[in-house]
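[1] I'll drop the sequence and a predicted model, then ask my questions.
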Amino acid sequence: MVAGLFNFMNAMTLICGNKILDLSRPAVMGIVNVTPDSFSDGGQLYLNEKVDLDKTLQTVESMLADGADIIDIGGESTRPGASPVTTQQELDRVLPVVQAVSERFDALISVDTSTAQVITEAAEAGAHLINDVRALQREGALQAAVAARLPVCLMHMQNQPGSMQSNPSYVDVVTEVLDFLQQRKQTCLDAGITGGQILLDPGFGFGKTLEHNLALAGSLDRFVDTGQSLLLGVSRKTMIGQLINSNVDSRLTGSVTMALLMAQSVAQRRAQTGCSSGMILRVHDVRETVQALAVWQQTTNFKDEII
């Protein structure tokens, strides 16, 4: 056992506008999809074909009570085969929720978007972090993120949601994903975003087969070695279903197990190298993930104390 597994980051924090995120332990990001067609929970927060704001706020309240550190609000489904939405559709879905959450709760709000206008207006409405599956490649997105002066998460995706699972192919998936993320990081640095405000996401399930996903999961040390904080999301994804032969409604145990394995892998590498970056787990099932992390962390700390 590597001693001091959870002391490797000391007072590591991420400045998110007027909020500070503690990354001295794995942070948990609760997923709030205000979409009619997301792969796992699409339509659950809808009433009469519109976002049910009361139900959405109840969901957010429950996630915060269960221990979520971040609430991630998204208005465009990026499931395999998803069709794009217009900017106005995304604004209509996202902005009322960001505004209401900001007014109702003392919460750190992330917005899952690739669209420049949504980035700008969500930041003005109270968002604290930009989570972009397209790594700020859409027209105007990078400039909007720079102007917002918020942390950004850059994710890797091969092709677009509508086609990304149509025979994804790599020569070396880990190297290619890393190279892409490093290139996008450099683009952000050149544009004026500081390194400490950039998170990286390998993009599990976004243009990748099960074998690709497992290769990435088994090589997280290489992502840790970039020195950037990581955002990791495997919750309820097809890769979990393939590993345990289950449909999307029966992937809780597999999702939490994979999240723990990833958290342990990242924590051990950081303890070995002294890296001072953080880690965020993006999940649907906040309570179960938070409880599992608490058991793991306390058990690990106890073992460290008696070594």
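    Arrived safely.
[2] rest of the way, CA atoms for contacts and neighbours
    Will do.
[3] would you list every one of the helices in the protein?
    Taking DSSP state H as the criterion, the chain carries its helices at 53-65, 87-104, 116-125, 141-148, 173-191, 210-217, 220-224, 238-244, 252-273, 286-306.
[4] could you dump these to CSV with mean neighbour count and distance to Gln197?
    Compiled in CSV, the helices of the chain are given as follows (neighbours: other Cα atoms under 10 Å; distance: least, Cα to Cα, whole Å):
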stretch, mean neighbour count, distance to Gln197
helix 53-65, 17, 23
helix 87-104, 18, 21
helix 116-125, 21, 15
helix 141-148, 20, 11
helix 173-191, 17, 10
helix 210-217, 17, 23
helix 220-224, 19, 15
helix 238-244, 18, 29
helix 252-273, 19, 19
helix 286-306, 15, 24
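[5] Kindly reformat those helices as JSON lines containing mean pLDDT and distance to Arg79.
    Formatted as JSON lines, the entries for those read as follows, by pLDDT from 0 to 100; distance: least, Cα to Cα, whole Å:
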{"stretch": "helix 53-65", "mean pLDDT": "95", "distance to Arg79": "20"}
{"stretch": "helix 87-104", "mean pLDDT": "96", "distance to Arg79": "15"}
{"stretch": "helix 116-125", "mean pLDDT": "98", "distance to Arg79": "19"}
{"stretch": "helix 141-148", "mean pLDDT": "98", "distance to Arg79": "21"}
{"stretch": "helix 173-191", "mean pLDDT": "98", "distance to Arg79": "19"}
{"stretch": "helix 210-217", "mean pLDDT": "97", "distance to Arg79": "16"}
{"stretch": "helix 220-224", "mean pLDDT": "96", "distance to Arg79": "23"}
{"stretch": "helix 238-244", "mean pLDDT": "95", "distance to Arg79": "10"}
{"stretch": "helix 252-273", "mean pLDDT": "94", "distance to Arg79": "17"}
{"stretch": "helix 286-306", "mean pLDDT": "83", "distance to Arg79": "20"}
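[6] Could you provide these in TSV, with additional columns for distance to Val32?
    As requested, those are arranged in TSV below (distance: least, Cα to Cα, whole Å):
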stretch	distance to Val32
helix 53-65	7
helix 87-104	10
helix 116-125	15
helix 141-148	21
helix 173-191	25
helix 210-217	24
helix 220-224	26
helix 238-244	19
helix 252-273	17
helix 286-306	11
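[7] Of all the ones you listed, which one comes closest to Asn167?
    helix 210-217 (11.6 Å; Cα to Cα).
[8] The closest residue to Val152 other than its chain neighbours - how many residues pack around it?
    Once flanking residues are discounted, Val152 sits nearest to Ile130: 4.7 Å by Cα to Cα, 6 or more residues apart in numbering. Counted with other Cα atoms under 10 Å, the burial measure for Ile130 works out to 32 neighbours.
[9] ok now do Ile130, which residues does it touch?
    When contacts are counted by Cα atoms under 8 Å, 6 or more residues apart in numbering, Ile130 is found next to 110-113, 119, 145, 150-153.
[10] what's the answer for Leu230, then?
    Each residue near Leu230 by Cα under 8 Å, 6+ apart is listed here: 199-201, 223-224, 277-280.
[11] same thing with Gly74?
    Neighbour list for Gly74: 32-35, 94, 111-113 [criterion: Cα under 8 Å, 6+ apart].
[12] Can you read off the pLDDT for Phe39?
    Phe39 is assigned a pLDDT of 48 by the prediction.
[13] Arg149 too?
    At Arg149, the pLDDT value in this model is 97.
[14] The one 3 residues further on too?
    Val152 is assigned a pLDDT of 98 by the prediction.
[15] how much space between it and Val60?
    In this structure, Val152 and Val60 are separated by 22 Å, where distance is defined by Cα to Cα, to the nearest Å.
[16] same question, Ala145
    The spacing between Ala145 and Val60, counted by Cα to Cα, is 25 Å.
[17] Please produce JSON lines containing the contacts of Ile130, extended by distance to Val234.
    As requested, these are arranged in JSON lines below (distance: Cα to Cα, whole Å):
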{"residue": "Ser110", "distance to Val234": "18"}
{"residue": "Val111", "distance to Val234": "18"}
{"residue": "Asp112", "distance to Val234": "16"}
{"residue": "Thr113", "distance to Val234": "18"}
{"residue": "Ile119", "distance to Val234": "24"}
{"residue": "Ala145", "distance to Val234": "25"}
{"residue": "Leu150", "distance to Val234": "24"}
{"residue": "Pro151", "distance to Val234": "21"}
{"residue": "Val152", "distance to Val234": "19"}
{"residue": "Cys153", "distance to Val234": "16"}
